[in-house]
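**Q** This is the structure alone, sequence omitted:
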Ligand SMILES: [Fe+2]
């Protein structure tokens, strides 16, 4: 399996490109503008073609280049079926699979940071028939979980309740599963993110405060406590990523 992580330290964002070199099929995830060129280069060099460009959730802290990469490669742009996008996209549902040859992706709906959050379980069948990697979007971060108030502040408690279920589900994966989140230190999508942009389920279960044993109500209180102000540009970026003009007046359902 080819697996590449692209980091943008200024904003604490991560993009991914991975796939099966044998069958030349690749998947791109949470594509940042400055990851497009390196991704196209590696696709070109390796002779792989992109079969899907996935957005783990509507991004609020940067303008996504996922649609750009999808247009350039001809790959479908994949997002949660409830993603509030104003343009056509391939709607992902819980349990959907993406076939990238020996690399198989199973999509999980993991709401909490947002309604439309996805996680991607990645299996490399040349190594094993069980997942090796989970791309957790902003649901489970290294050292934290994604804050639930950036995509509709009124719904923050409800999202935190959904986050409880999503974290339970992710933390029930085997210890050895590698965790690759979409943000790391420098991002405001969490409060205590590590500067290390990778971990394992087992390490996070032992040392991530968001995964400490709690009731649902305790987790809701924990996740709503001590949240920093939302940066002023986030509303504009959500609109751009939805495919709407930045000045449009729309309901804040994202
Ligand atoms: Fe986010």
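**A** Received it, and whenever you're ready, just let me know what you need. Fair warning: this is a prediction, and the values are worked out from it, not measured in the lab.

**Q** quick one: stretch 23-38 to chain centroid distance?
**A** Taking Cα atoms, centre = their mean, to the nearest Å, the mean C-alpha location of stretch 23-38 is offset from the chain mean by 14 Å.

**Q** for it, what is the average pLDDT?
**A** Here stretch 23-38 scores 98 as its mean pLDDT.

**Q** ok, now stretch 218-236?
**A** In this model, stretch 218-236 carries a mean pLDDT of 90.

**Q** Just the buried residues of that stretch, please?
**A** Neighbour-count burial for stretch 218-236, with 16 or more other Cβ atoms under 10 Å as criterion, is recorded at 219, 220, 222, 223, 227, 234. (Each C-beta comes from the backbone N, C-alpha and C, glycine too.)

**Q** what do you get for stretch 77-92?
**A** 77, 78, 79, 80, 83, 84, 85, 89, 90, 92.

**Q** tell me the contacts of the nearest residue to the fifth one once chain neighbours are set aside?
**A** Taking Cβ to Cβ, 6 or more residues apart in numbering, and ignoring the residues beside it in sequence, residue 83 has residue 116 as its nearest neighbour in space, at 4.2 Å. Residues near residue 116 by Cβ atoms under 8 Å, 6 or more residues apart in numbering: 57, 58, 79, 80, 82, 83, 84, 151.

**Q** For these, name the two members farthest from one another.
**A** Using Cβ to Cβ, the pair of the contacts of residue 116 lying farthest apart is 79 and 151, separated by 13.4 Å.

**Q** shared neighbours of the two, anything?
**A** With contacts defined as Cβ under 8 Å, 6+ apart, the residues shared by residue 79 and residue 151 are 58, 116.

**Q** so how far is stretch 7-18 off the chain centroid?
**A** On the basis of Cα atoms, centre = their mean, stretch 7-18 is displaced by 11 Å from the centre of the chain it belongs to.

**Q** tell me the average confidence for the helix of greatest length in the chain?
**A** Of all segments of type helix in the chain, defined using DSSP state H, the longest is helix 156-171. Mean pLDDT, helix 156-171: 97.

**Q** now for it, which elements pack on it?
**A** Contact here means 3 or more Cβ pairs under 8 Å, 6 or more residues apart in numbering; DSSP states H and E; on that basis helix 156-171 packs against strand 140-141, helix 201-207, helix 216-224.

**Q** Are it and the ion in contact anywhere?
**A** No. Contact between helix 156-171 and the ion is absent, the nearest approach being 11.7 Å (criterion: Cβ under 5 Å from the ion).

**Q** Now the element after that helix, going C-ward?
**A** On the C-terminal side of helix 156-171, the closest following helix or strand by DSSP states H and E is strand 178-181.

**Q** and for that next one, what are the contacting residues?
**A** Counting by Cβ under 8 Å, 6+ apart, strand 178-181 makes contact with 5, 14, 16, 132-138, 140-142, 197-201, 204, all of which sit outside it.

**Q** Is the ion within reach of that strand?
**A** No. Strand 178-181 does not reach the ion (Cβ under 5 Å from the ion); its nearest approach is 9.9 Å.

**Q** quick one: strands adjacent to that strand?
**A** In the sheet containing strand 178-181, the strands it pairs with under DSSP bridges are strand 133-137 (parallel), strand 199-200 (antiparallel).

**Q** buried residues in it?
**A** Using 16+ other Cβ under 10 Å as the test for burial, strand 178-181 gives 178, 179, 180, 181.

**Q** And those residues, which is closest to residue 172?
**A** Distance ranking of the buried residues of strand 178-181 against residue 172, using Cβ to Cβ, places residue 179 first at 13.3 Å.
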